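K.L.:
Just the structure for this:
(chains A and B)
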Amino acid sequence: MNVRAHMSMLFHLDKCIGCHTCSVACKNLWTDRKGTEYMWWNNVETRPGAGYPTGWEEQDRFEGGWELKNGELELRLHSRARGLSRLFFNPALPTLDDYYEPYTFRYQDLFSAPEGNDQPTAVPVSMVTGEPIQIEAGPSWDDDLGGSNLYAKNDPNWEGVDPDIQAQMHEIERVVFNYLPRICNHCLNPSCVAACPSGAIYKRAEDGVVLVNENKCKAWRMCVAACPYKKVYYNWASGKSEKCILCFPRLETGQAPACAHSCVGRIRYMGVLLYDADRIYAAASAQESELVEAQREAILDPFDPAVIAAAKENGLDDDWIKAAQNSPAYKFVKLWKLALPLHPEYRTMAMMFYIPPLSPVVSTLERGLIKLDLPPERVDFELFDNLDKARLPLEYLANLFAAGNVALIEPILKKMLAVRILKRRQSVYGEVDAQTLALLEAAGTSLEEAEAIYELTTLPTLEERFVIPPYHREAAAELYNDPLAHKGEVGLGYIQPPRRGE
Amino acid sequence: MNQWFKEIEAPAERKWEEFYRNRFAHDKRVRTTHGVNCTGSCSWEVFVKDGIVTWELQATDYPQLEAGLPPYEPRGCQRGISFSWYLYSPIRVKYPYGRGALLELWREARERHADPVEAWKSIVSDPEKRRRYQKARGKGGFRRIAWEEALEIIAASVVHTTKQHGPDRVIGFSPIPAMSQISYAAGSRFLTLLGGVAMSFYDWYCDLPPASPEIWGEQTDVHESADWYNARFIAVMGSNLNMTRTPDTHFIAEVRHAGAKLTVFSPDFSMVAKYADWWIPSNPGQDTAFWMAVNHVLLKECYVLRQVPYFSDYLKRYTDNPFLVEVAGPRPGRYLRAGRLEAYKDVENGDWKLLMWDAQRGPAMPGGTIGFRWQSEKGQWNLDLKDPTRGEPIDPLLSFRDQPDEVRLLEFDDFTTGKTLRRAVPVKYVQTKDGERVAVTTVFDLLLAQFGVDRGLGGDYPQGYDDEEGLYTPAWQEKYTGIHRDTVIRFAREWAENGEKTKGKNLIIIGAGANHWYHNNLLYRAGIVALMLTGSVGVNGGGLAHYVGQEKLANQASWGPIAFAGDWGMAPRQQNSPSFHYVHSDQWRYERGYRDYDSVPNKERLCDHTVDHQARAVRKGWLPFFPQFNRSSLEVVREAQAKGAKTDAEIVQYVVEQLKSGKLEFAVDDPDAPSNWPRTWFIWRGNAIGTSAKGHEYFMRHYLGTHSTAIAAEQAKGWVSEVKYRPQAPEGKIDLVVDLNFRMDTSALYSDLVLPAATWYEKEDLNTTDMHTFINPMQAAVPPAWESKPDWEIYKAIAQKVCELAKPHFPEPVKDVVMLPLQHDTPDELAQPADKDWKKGEVEAVPGKTMPKFRVVERDYAKLYERMVTLGKAVEANGVGMHGLSIPVQDFYQELARRQGRKVDGQVLPSLEDAREVAEAILFLDPVSNGELAYRAFKDEEKKTGQKLTDLADPVRDVRIGFKDIVAQPRRMLTSPTWSGLINQGRAYSPYTLNVERLVPWRTLTGRQHFYLDHEGYLAWGEHLPTYKPRPDHTMLMETEKSAAEAQGKLLNYITPHGKWSIHSTYSENHRMMTLSRGGYPVWLNDKDAAEMGITDNDWVEVFNDNGVFVQRCVVSARIPRGAVFVYHATERTVGIPKSPLRGKRAGMNNSLTRARLKPVLMSGGYAQFTYAFNYWGPTGVNRDTFVYVRRVEEPQW
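P.N.:
Numbers count the residues shown, from 1 in each chain, chains lettered A, B, ... in the order given. Sure, this is the predicted structure:
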């Protein structure tokens, strides 16, 4: 057992507002400079939809992630030999059309236009060429666009969903959307790292953050192609790749990443997961239907004495173990099994996790009138026994979070509904009767667990949502500098901006 | 597999990580907030690096409310977090700007005139010159100018207008003070000291829900969002919480997991619909029909087939349901007045005390009605169910069904068919003191008849739920809502069950999507009825949560006197903007009046033009109107004095006689006469010409005198009687438009002068909201950039300049007579027991009774600046207050003078020179931030109600919240009777809990919540009971007649909800928001509608009607209902707007397609809760019932 710690984020999609505050927080902080205009380390997608960059999940085209060939894990992009042959021409790279041409407006014309016979307006111009532009794409172009023939319909996650249901998604009876916020998944088995010919990308042992060393990056851009989530971007100004850094300067000072901090829907949680690095290869190579479970297995129980002992042996201190025990990520992912990785079939072992969302009950049309498709008998929340009546098809969610395995989605939604029923019975009818307990059991949960899920879902304070362990930067600095000297020197000019071409 | 781990192995290699660590390093963080009109009031930390604001993140240190509620943190949204872009962006107004055409005229005039006022006069009195620069408005040609020159032009215009036309031709518009209270007060204080006009916003924005004054006598009072978490059945209607209440939405997401059921009513699948258990896509604007049917089911199943004790008891105690209504004629009449009975004939205010039917003793007079509020003996104005004159308890009958003296057929209106229905109602007889035998019934009995709930009494009652013709049945509503009857019944039953089991934890969250319809008051009433029927108002987690821009000014009691110069004894000229703009921008000329689109029981009787009704409302004292007279109010006083008037009373007497004789006229009676035009217009903190301008293109033509894309024909000729119709409509009424702004928005672009305003990261101010109960500061993270100044400083500079230029023109103080309407929360509420018109000789003209009030004030323009920056002694003498409360503050006033004194005329008074001092004064003198004053406020309320209340303030008497406290951490306001929610010990704010738990009456006629409205206007308009009126359609509105010829596409209903990428227009052109949206202001179409019109996603389209035109790209989606086009509101003309192929000029904005349509019944006044208060009462600026054509545009022309 090779125990390591990972800072993992958790997205409670049932709570997501779709506001993109996270995206702007990130942009202001990290990608608001030349060369990074189109970079959205954090973005929010409307689903069903095309995502950003457009169609990023179409791996037949983009060749991201891993595949199992003859039982062996291989990058989809290339084997090592083929990789060299592709160094100078990589057709799997997304182009500007897959992203968008950044634009702005000639705002200054409003001040400087001479008097004319009509009102001046600030025309849109390209940030690439400076010339007038027709705006035809953007980083959240299909935002809130449920029921779109161009975007929602072309979502690759419809695979396996009944064509009749797919058709209904464009009608009032079933039209729906939800949101998918995305950052770098800081994978356990990151394909970007494996694809980098310069060895510039690494995963930090202390917290699992995957970083592109800006000094070592040589602009091969293999990482851009190899990342199945398209979360590594090429900075055209600096000639380096850049990606989400999980706000490590904030983590190191006990603060949640800016995207999580700013999450006004309070959907994000952050905490330590302990995992067994020795199990990664096996877990990433599991049969498709076993991938999620294998990853859960690789995540360790921080209360297990054997795990604790092994963790200490690996240099993890008590505070980190305690943080792992208090970690909301651990609870949602491992203990309650409510959270899943995005596209486990990419075999990168994404370490950011998602709780899939509930959706409204479908309608039917009768005499041209809309009628909720409810069971005749009165029940607290109708979907509990009728998950097929949820607007968002389970198969669709399964394609996103469970490699198509509906059996992993259903118990999650059911458990969430069971918690809602329990709380309704308590607060409206004032009782937890045998029937309610039976219902909890049927949903695979208990009174105690349901209460705990309720509290962490609705009531958590900042400190409960973000359990950030102490980083002991003094010890890290000590590896190359006397901390006392560091106290006087840090920030004083030895920063070197990465130089192009190095 | 571990080759990518690099820490201990290669520490030196990881030194590069400094690259990002250094980016995150910062020099300073400063707490501030955003002052835009969004109710967020979010606490932010702004990060400064190298003296530059680099980014912002939410502060997360809100004090927690009571246990079991989720915390507020973090508050802030995508728009707020993008604000830092503005500070250094190319759209920032860095310097003062002036229009070149005007500057040339000005500089030339200044060469010839040493006195700037004379120079200004020489320009504006020359029609050629005036036309020259007016036509240039909005067409470029701005030049950077010096502050000094800008101030001189402004002051010259102000002084000239005041002297030539009167001070009430100087107007100012700024919305929603709560978000930056001091910046608002800067302008309103200056204007009020001058005698200028402060324009309302809440009603004009159509954010005011008139149903709230109708039912509760309250402008608006709503739940803080944490209280949503206490609800267990939530109906969200016309409110896209994710978009508009972004920082609060988590409570909705969370309360579902606490066991609440969530139903979302929205014609489109909206962002909030994604959380819903049930999404009910009712047809646009038809929610009234849905709720009327819900009420039908509730009344039948919870009041007739079965009785729910909690519900019946609630109706008896807290609503007007047990009160007696006279039914003399065929229609329900007015409440029976206690003074008409022998038993109560001598009580004070007998016309204003009402009766219930005690189960044992018959007619009985409970306390708490409005007559008790304003009587000389205090202490009987409460909701205790007893007769205060006799001390006997009252056990009121809700219904006479079981013991009627008789059953009578009464008339009820079906506005969908125009038929009159005759339905039986049980009545009892009462003997009056004059020996008259009067039939009465209860409001509850009328309600059952109105909702068609048959109790075997006979008449045109529907035959069960499936009766499609039966008004208000579940089957009836289908043809309006498109929702199946089974869904309505199911909803109603679950609503009832939840209300019964939780004792009223039924919550309606409602917003602009519902409030912007012409008949919004009826829509709201229908929903509120369902709340009251389930005992859900005044309960934590229950009631009506209306969130449309009201933004509670928590410390209004102390802010009011500062903002409206009450400290100097001023009578503020407060104008309801809907009436103002409808009249002055000449929109009234383009229609034949309300009869075309409103449904009334008797079309023959109610056949005048809206503008006539408006004029009558002004002369009866129901609504304000400025300019007030057809000549200067200063001039009128001079005349009076010349005729020998010495005292104020004699001046007023002169005015009244002049008005009666017709020698003096109200300006509203001849709005197009040049003497009656508004002349100088200040705009600050808002977008008055752009997104706030319903009928934008008419503003362009008639106010500004520049280009317009309106093609509508004038129609009013021959339809008006009270108001003079001039054949030629004036173009360009306004001499000077001044805009204070940090960005070049549409209003700035069309103004004559643009002054650079400090942003919210560059000034000090106060900020509160109704969404939470904390008081937040605004602070300067960096100094005002370039030449910008905070609004407080700008108005100070203007005031100083005005003093300087006024000297030769106003060497002595002058007197002004100010016309005021009858005021809510004053004894004026008892002014008009009947609706009579003095002009028609129906009644004597008595100021303050049958006509407006007139107050004489002295204006000393030499001292205007001194007064502006000093807190006057009237506050010391009169105290602070609101809602009729009077709170003594003498000791605190004196203490403030010691803390921040300023010497004026030999006395040391509190200084208001700096915004910080204004903030301290507001906090120190208000009961929500000064515990002793909260105590005194409750003391005053105790005196009025005779109920024990000071215990609510006892624990906080020594609390004082100052500016430094709120800088350190957001502080929660204190429980105070200036509001109606009890929030002690971290309890979440729910409105009217003070009324329900402490028996403090609502400020209405009965002191209770009103189902029934007996103002004569309501009886005439058929809105005395909750009712359904059809939506005005395009054939009624007649604003697509000419466009029909140009049309190639479909006629669609034009819906303008609040948008995701802006707060109104602010942020909309912000680079971040533009990038995350579609780089414009897209037009949303249903996919099938689009296909029929040959339109595909991202095509350019032209949206047009007779009012104007808008050109943008479109978005096509099945989530949009058929027959509607959505344009998320508050677009700017400034960014990315091509020319209109149809109309030739630059296409306009979302308001280019709208215009104001006033609802005359909402002008009813002079009576109980229907008396005027600023932003409280009057018609609203509805805009939702607009129809447009849409067609594809091949190639945009720039």
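K.L.:
in chain A, what secondary structure element scores lowest on mean pLDDT?
P.N.:
helix A:80-85 (a mean of 62; mean pLDDT, DSSP states H and E).
K.L.:
residue ranges with poor pLDDT in the stretch 951-1100 of chain B?
P.N.:
In the predicted model of the stretch 951-1100 of chain B, no residue satisfies pLDDT under 70.
K.L.:
residues touching residue 134, list them.
P.N.:
Picked chain A for this. The neighbours of residue A:134, taking C-beta atoms under 8 Å, 6 or more residues apart in numbering or on different chains as the test, are residue A:124. Yep, even glycine has a C-beta here, placed from its N, CA and C like the rest.
K.L.:
if you could check chain B rather than the one you did, that'd help
P.N.:
Contacts for residue B:134 (C-beta under 8 Å, 6+ apart) come out as B:704, B:705, B:706, B:732.
K.L.:
quick one: which of the residues you listed is nearest to chain A?
P.N.:
Nearest to chain A, judged by C-beta to the nearest C-beta, of the contacts of residue B:134 is residue B:706 at 8.7 Å.
K.L.:
domain parsing for chain B?
P.N.:
Taking automatic domain parsing as the criterion, chain B consists of the domains B:12-87, B:226-286+B:470-540, B:321-468, B:871-998.
K.L.:
Now do the helices in the stretch 451-600 of chain B.
P.N.:
Assigned by DSSP state H, counting those that start in this stretch, the helices in the stretch 451-600 of chain B fall at B:474-481, B:485-502, B:512-515, B:520-533, B:556-563, B:577-584.
K.L.:
scratch that, the stretch 151-300 of chain A is what I was asking about
P.N.:
So, for the stretch 151-300 of chain A - with DSSP H, counting those that start in this stretch - the helices run A:163-168, A:191-195, A:222-226, A:248-251, A:258-261, A:280-284, A:291-298.
K.L.:
Just send the ones you listed back as TSV, with mean neighbour count and mean pLDDT too.
P.N.:
Listed next are these as TSV, based on neighbours: other C-beta atoms under 10 Å in any protein chain shown; pLDDT from 0 to 100:
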stretch	mean neighbour count	mean pLDDT
helix A:163-168	13	94
helix A:191-195	26	95
helix A:222-226	26	95
helix A:248-251	21	98
helix A:258-261	26	98
helix A:280-284	19	96
helix A:291-298	20	98
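K.L.:
do you know which of those helices lies nearest residue B:547?
P.N.:
Comparison of the helices of the stretch 151-300 of chain A against residue B:547 by C-beta to C-beta identifies helix A:258-261 as nearest, at 25.6 Å.
K.L.:
ok now the closest one, how far from the chain's centre?
P.N.:
Chain-centre distance of helix A:258-261: 13 Å, with C-alpha atoms, centre = their mean, to the nearest Å.
K.L.:
same check, this time on stretch B:613-625
P.N.:
Chain-centre distance of stretch B:613-625: 19 Å, with C-alpha atoms, centre = their mean.
K.L.:
likewise stretch B:302-314?
P.N.:
Relative to its chain's centre, stretch B:302-314 lies at 35 Å (C-alpha atoms, centre = their mean).
K.L.:
Convert the helix or strand of chain B with the lowest mean pLDDT to CSV, retaining C-alpha atoms only.
P.N.:
In chain B, the helix or strand scored least confidently by mean pLDDT, DSSP H and E is helix B:1034-1037, which has a mean of 89. The C-alpha trace of helix B:1034-1037 is given here as CSV (Å, rounded to 0.1, in the frame of the first residue of the first chain):
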residue,chain,number,x,y,z
HIS,B,1034,-52.5,43.4,-30.3
THR,B,1035,-55.9,44.4,-31.6
MET,B,1036,-56.5,46.3,-28.4
LEU,B,1037,-53.1,47.8,-28.1
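K.L.:
could you say what helices and strands it packs with?
P.N.:
On a contact count with 3 or more C-beta pairs under 8 Å, 6 or more residues apart in numbering or on different chains; DSSP states H and E, helix B:1034-1037 meets strand B:1186-1193.
K.L.:
hmm, try it at 10 Å
P.N.:
strand B:1051-1055, strand B:1186-1193 (3 or more C-beta pairs under 10 Å, 6 or more residues apart in numbering or on different chains; DSSP states H and E).
K.L.:
What residues of that helix count as buried?
P.N.:
Using 16 or more other C-beta atoms under 10 Å in any protein chain shown as the test for burial, helix B:1034-1037 gives B:1034, B:1036, B:1037.
K.L.:
same check, this time on stretch B:23-36
P.N.:
In stretch B:23-36, counting by 16+ other C-beta under 10 Å, buried: B:23, B:24, B:30, B:31, B:32, B:33, B:34, B:35, B:36.
K.L.:
just those residues now: which is nearest chain A?
P.N.:
residue B:24 (3.9 Å).
K.L.:
Leaving out the residues flanking it, which one is nearest to the closest one?
P.N.:
Distances taken as C-beta to C-beta, 6 or more residues apart in numbering or on different chains put residue A:249 closest to residue B:24, at 3.9 Å, once the chain neighbours are dropped.
K.L.:
sorry, back to before: which ones among the contacts of residue B:134 map onto strands?
P.N.:
Judged by DSSP state E, strands contain none of these.
K.L.:
Quick one: neighbours of residue B:1119, just the number.
P.N.:
By the measure other C-beta atoms under 10 Å in any protein chain shown, the count of residues near residue B:1119 is 28.
K.L.:
Provide a list of residues in contact with the spatially closest residue to residue B:1155 that is not a sequence neighbour.
P.N.:
Nearest residue to residue B:1155, sequence neighbours excluded (C-beta to C-beta, 6+ apart): residue B:695, at 3.7 Å. The contact partners of residue B:695, taken as C-beta atoms under 10 Å, 6 or more residues apart in numbering or on different chains, are B:581-582, B:585-587, B:590, B:701-702, B:710, B:712, B:1107-1108, B:1151-1157, B:1181, B:1183.
K.L.:
So residue B:624 is in contact with residue B:571, correct?
P.N.:
No. If you go by C-beta atoms under 10 Å, residue B:624 and residue B:571 don't touch, sitting 11.1 Å apart.
K.L.:
intersection of neighbour lists for these two?
P.N.:
Joint contacts of residue B:624 and residue B:571 (C-beta under 10 Å, 6+ apart) are B:818, B:819, B:820.
K.L.:
quick one: which of these has the most company?
P.N.:
residue B:819 (26 neighbours).
K.L.:
Contact partners for that one?
P.N.:
Contacts of residue B:819 by C-beta under 10 Å, 6+ apart are B:168, B:571, B:573, B:618, B:621, B:624-629, B:633, B:655, B:659, B:666-667, B:847, B:851-855.
K.L.:
and it, helix, strand or coil?
P.N.:
Following DSSP: H, G, I helix; E, B strand; the rest coil, we place residue B:819 in the strand state.
K.L.:
Any idea how many residues pack against the nearest residue to it once chain neighbours are set aside?
P.N.:
Setting aside the residues directly before and after it, residue B:819 is nearest to residue B:628 in space (C-beta to C-beta, 6+ apart), at 4.1 Å. The tally of other residues near residue B:628 (other C-beta under 10 Å) stands at 28.
K.L.:
for residue A:312, same thing?
P.N.:
Residue A:312 has 14 nearby residues by other C-beta under 10 Å.
K.L.:
Can you tell me what sits against the host helix or strand of it?
P.N.:
Under the criterion of DSSP states H and E, residue A:312 resides in helix A:305-313. For helix A:305-313, contacts defined as C-beta under 10 Å, 6+ apart pick out A:1-5, A:274-276, A:300-302, A:304, A:316-318, A:320-321, A:324-325.
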